[in-house]
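Student: next comes the sequence, and after it the predicted model I'd like to discuss.
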Amino acid sequence: MAGAASALFLLDIKGRVLVWRDYRGDVSATQVERFFTKLIEKEGDPQSQDPVVYDNGVTYMFIQHSNVYLMTATRQNCNAASLLLFLHRVVDVFKHYFEELEEESLRDNFVVVYELLDEIMDFGYPQYTEAKILSEFIKTDAYRMEVTQRPPMAVTNAVSWRSEGINYKKNEVFLDVVESVNILVNSNGQIIRSDVVGALKMRTYLSGMPECKLGLNDRVLLEAQGRATKGKAIDLEDIKFHQCVRLARFENDRTISFVPPDGSFDLMTYRLSTQVKPLIWVEAQVEKHSRSRVEIMVKARSQFKERSTATSVEIAVPVPADASSPNVRTSMGSAVYAPENDALMWKIRSFPGGKEYMLRAEFTLPSITDEEATPERKAPIRVKFEIPYFTVSGIQVCLHMLYSLFDYVNCKFCQSFILPHALGQRGTKMLIFILLFLVSLPCCLIGQEL
């Protein structure tokens, strides 16, 4: 990484220093005041929302988690993306130790925080950010030491993300494909933008130092092998791997070869620019009658095949902030008015494919209104649901091999489900909406006997 961080600061929501660690001696704690002043100026400028602030030769990179700011300061030309990723990894480490990262947890664990800051960065360069490895030699009450321990071998060997001597009675590997889909649709129902952001999440419980190998239905790989790609291949873009993946091997033959960490981790993240239609299409019509009442009609139509069924469907329909006396009727499910969210919550336990359901609601409005009031902002309709055994992008794990000195017993199974996140529709009648959802495809338990 070009350049190094000079210091790492943990600040409260008002910009006061909770903990800071000076790594290079070329910045001081007074720099925080200049940073927070610039940050307040940025918040007032809607065109400048980047997580980087520059002032008087010092570059500040920051993220916010709960009521805590994590900020690095440097006088060198650093890789901003690497330092921002490092800050997110610091959040994961603190959450592993304290369950929740917030001001109170930092104040209650100053000693452990300083020990962690000494280990995760050295002279401004990120070092070990694997929480499971750090917890082997930086102990809290949950990791109490009974005897003096040496640093684990993982800190000094080439595989810093996995300890030696791991042994399980039952060896298992779980692979989840989690995707977030963003869709932008205009008032005519045409999809303007559609992309998929996904991640391959793994949970490994394997003995020894296993060598794993995965292959995907990547178009580049299938074309290199001379195999047909029509309707089966996908174009992966903006791929980012966990540090355990051998990048040279992937560049050579597009297979993912790695020694996995123990436990849960993100093996790979990726992006696809592909056309995806909304799985549940929502139309809304709003009619106001003589400023005394408003009628809302919502249609929800599933656009996936009949063999699939969406479960735990929740549709949040925004209503005017001054609405009252709701009268709601639904063709399926139940609806409850949530005045604290200015929304009508429509819940459907089971939504089969190819079905359409309706909701009609009537609210009373105040008879007196402020003529100089600014127009009310039209919030989006939000939809959450799950679809078992369903994928969106079509990504497939078509090769899985496992090598180890241990004899693993083959026992394969497959389970998949989709966790859509939010569909928004805003404006009058059917206008622009955004669809965000998660696809989780636990693929299989893999094992290979030698």
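Tutor: All right, it came through fine.
Student: the host helix or strand of residue 37 - what's its average pLDDT?
Tutor: Assessed by DSSP states H and E, residue 37 sits inside helix 31-43. The predicted model assigns helix 31-43 a mean pLDDT of 82.
Student: who are the packing partners of that helix?
Tutor: Helix 31-43 is packed against strand 7-12, strand 52-55, strand 58-65, strand 68-74, with contacts defined by 3 or more Cβ pairs under 8 Å, 6 or more residues apart in numbering; DSSP states H and E. In short, each C-beta sits where N, CA and C put it, glycine included.
Student: could you pull out the buried residues of it?
Tutor: For helix 31-43, the neighbour count (16 or more other Cβ atoms under 10 Å) marks 31-32, 35-36, 39, 42 as buried.
Student: and the angle from the helix ranked longest in the chain to strand 7-12?
Tutor: Of all the segments of type helix in the chain, defined by DSSP state H, the longest one is helix 80-98. With axes from the mean of the first three to the mean of the last three Cα atoms, to 10 degrees as the basis, helix 80-98 and strand 7-12 are set at 60 degrees to each other.
Student: which is the next helix or strand following helix 80-98?
Tutor: With secondary structure assigned by DSSP H and E, helix 80-98 is succeeded by helix 103-107.
Student: list the helices and strands that following helix packs on?
Tutor: Using 3+ Cβ pairs under 8 Å, 6+ apart: helix 103-107 touches strand 17-22, helix 80-98.
Student: CA atoms only: put that helix into CSV for me.
Tutor: Written as CSV, here are the backbone C-alpha positions of helix 103-107 (Å, rounded to 0.1, in the frame of the first residue of the first chain):
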residue,chain,number,x,y,z
GLU,A,103,-19.1,5.0,22.8
GLU,A,104,-19.9,3.2,26.0
SER,A,105,-18.2,-0.1,24.9
LEU,A,106,-15.0,1.8,24.1
ARG,A,107,-15.0,3.7,27.4
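Student: in it, what's buried?
Tutor: 103, 105-106.
Student: nearest to residue 177, of the residues you listed?
Tutor: Among the buried residues of helix 103-107, residue 105 lies closest to residue 177 (Cβ to Cβ), at 32.4 Å.
Student: surely the closest one and residue 95 touch.
Tutor: No - counting by Cβ atoms under 8 Å, residue 105 sits too far from residue 95 to count as a contact (9.1 Å).
Student: as TSV, the helices and strands packed on helix 103-107 with distance to residue 256 and mean neighbour count would be great.
Tutor: Output for those, formatted as TSV (distance: least, Cβ to Cβ, whole Å; neighbours: other Cβ atoms under 10 Å):
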stretch	distance to residue 256	mean neighbour count
strand 17-22	35	16
helix 80-98	20	18
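Student: switch these over to CSV; also include mean pLDDT and distance to residue 296.
Tutor: CSV is the format used below for the helices and strands packed on helix 103-107 (pLDDT from 0 to 100; distance: least, Cβ to Cβ, whole Å):
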stretch, mean pLDDT, distance to residue 296
strand 17-22, 90, 46
helix 80-98, 89, 40
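Student: how far away is residue 66 from residue 88?
Tutor: Between residue 66 and residue 88 the computed distance is 13 Å (Cβ to Cβ, to the nearest Å).
Student: equivalent analysis for residue 316, please.
Tutor: 28 Å.
Student: same check on residue 176?
Tutor: Distance from residue 176 to residue 88, by Cβ to Cβ: 19 Å.
Student: tell me the contacts of the nearest residue to residue 51 once chain neighbours are set aside?
Tutor: Nearest residue to residue 51 in three dimensions, chain neighbours excluded: residue 62, at 5.6 Å (Cβ to Cβ, 6 or more residues apart in numbering). Each residue near residue 62 by Cβ atoms under 8 Å, 6 or more residues apart in numbering is listed here: 35, 39, 51, 53, 69-72, 87.
Student: am I right that residue 54 is in contact with residue 61?
Tutor: No - between residue 54 and residue 61 there is no contact under Cβ under 8 Å: 10.0 Å.
Student: settle it for me: which of the two has more neighbours?
Tutor: Just comparing residue 54 and residue 61: by other Cβ atoms under 10 Å the higher neighbour count belongs to residue 61, 24 against 10.
Student: specify the beta-bridge partners of the more buried one.
Tutor: residue 52, residue 72 (DSSP bridges).
Student: now the strands for the stretch 301-450 of the chain?
Tutor: 309-318, 324-330, 334-338, 343-352, 356-364, 382-388, 397-403, 417-425, 433-440 (DSSP state E, counting those that start in this stretch).
Student: need those strands in TSV (columns: mean neighbour count, mean pLDDT and distance to residue 184).
Tutor: Formatted as TSV, the strands of the stretch 301-450 of the chain follow (neighbours: other Cβ atoms under 10 Å; pLDDT from 0 to 100; distance: least, Cβ to Cβ, whole Å):
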stretch	mean neighbour count	mean pLDDT	distance to residue 184
strand 309-318	20	89	18
strand 324-330	14	90	28
strand 334-338	15	92	26
strand 343-352	18	93	22
strand 356-364	17	93	23
strand 382-388	22	80	15
strand 397-403	16	70	30
strand 417-425	21	46	10
strand 433-440	22	33	6
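Student: so which of those strands is nearest residue 131?
Tutor: strand 433-440 (22.3 Å).
Student: least trustworthy helix or strand in this protein by mean pLDDT?
Tutor: Using mean pLDDT, DSSP states H and E, the weakest-scoring helix or strand in the chain turns out to be strand 433-440, at a mean of 33.
Student: circling back to that earlier point, so which of the strands of the stretch 301-450 of the chain comes closest to residue 236?
Tutor: Nearest to residue 236, of the strands of the stretch 301-450 of the chain and by Cβ to Cβ, is strand 397-403 at 13.0 Å.
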